[in-house]
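[1] here are the coordinates; sequence isn't available:
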């Protein structure tokens with residue numbers, strides 16, 4: 001089974017994603033950049049909240065280089081989206097406007 005890391009500070013949204021994927025993937029959750037910096041084993045796919053509170057996920061992009069990454073955000077700031085898609089990010093998921101089925105398809109295609 002493929003390993004997926006969810007790097008998301010919203011525990012409710014993280015749990016929803018974990019429950020969506022747990023039958024088909026090995027899923028590990030992380031709540032902060034500091035917590036994720038301790039990880040040695042890189043996943044097959046990372047679901048990365050692009051705005052982790054006061055922290056920015058941009059610093060994790062180097063750590064995840066070579067790993068498929070789907071950036072997630074509830075922001076409608078197109079500047080953030082453009083940066084994400086230009087920064088070794090494979091795809092972008094807008095949490096507020098897209099269905100979980102769409103996220104599942106993006107994960108399957110990654």
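    Great, that's in hand. Fair warning: this is a prediction, and the values are worked out from it, not measured in the lab.

[2] which residues are in contact with the most centrally placed residue in the chain?
    Against the mean C-alpha coordinate of the chain, by C-alpha atoms, centre = their mean, the closest residue is residue 47 at 1.7 Å. Taking C-beta atoms under 8 Å, 6 or more residues apart in numbering, we find residue 47 in contact with 4-8, 17, 69-70, 72, 93, 107. (Each C-beta comes from the backbone N, C-alpha and C, glycine too.)

[3] again, only this time at 10 Å
    Contact analysis of residue 47 by C-beta atoms under 10 Å, 6 or more residues apart in numbering lists 4-8, 14, 17-18, 21, 27, 29, 68-72, 91, 93, 103, 106-107, 110.

[4] may I have the beta-bridge partners of it?
    Residue 47 forms beta bridges with residue 6, residue 70, as assigned by DSSP bridges.

[5] where's it relative to residue 69, distance?
    8 Å (C-beta to C-beta, to the nearest Å).

[6] which neighbours do the two share?
    5, 7, 91, 110.

[7] and the second one, how far is that from residue 44?
    The reference is to residue 7. Counting by C-beta to C-beta, the separation of residue 7 from residue 44 is 14 Å.

[8] what's the burial count for residue 99?
    8 (other C-beta atoms under 10 Å).

[9] oops, could you answer that again for residue 21 instead?
    Residue 21 - counted by other C-beta under 10 Å - has 20 other residues nearby.

[10] next secondary structure element downstream of the helix or strand of the chain with the lowest mean pLDDT?
    Lowest on mean pLDDT, DSSP states H and E among the helices and strands of the chain sits strand 55-56, with a mean of 61. Where DSSP states H and E defines the elements, the next helix or strand beyond strand 55-56 is helix 58-63.

[11] list of residues touching that next one?
    7, 30, 33, 36-37, 39, 42, 46, 48-52, 67, 69, 71, 80, 83-84, 87-89.

[12] let's see the ChimeraX selection covering just the buried ones among these.
    A single ChimeraX command selects the buried members of the contacts of helix 58-63 (16 or more other C-beta atoms under 10 Å):
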select :7,30,33,36,39,46,48,49,50,51,52,67,69,71,80,83,84,89
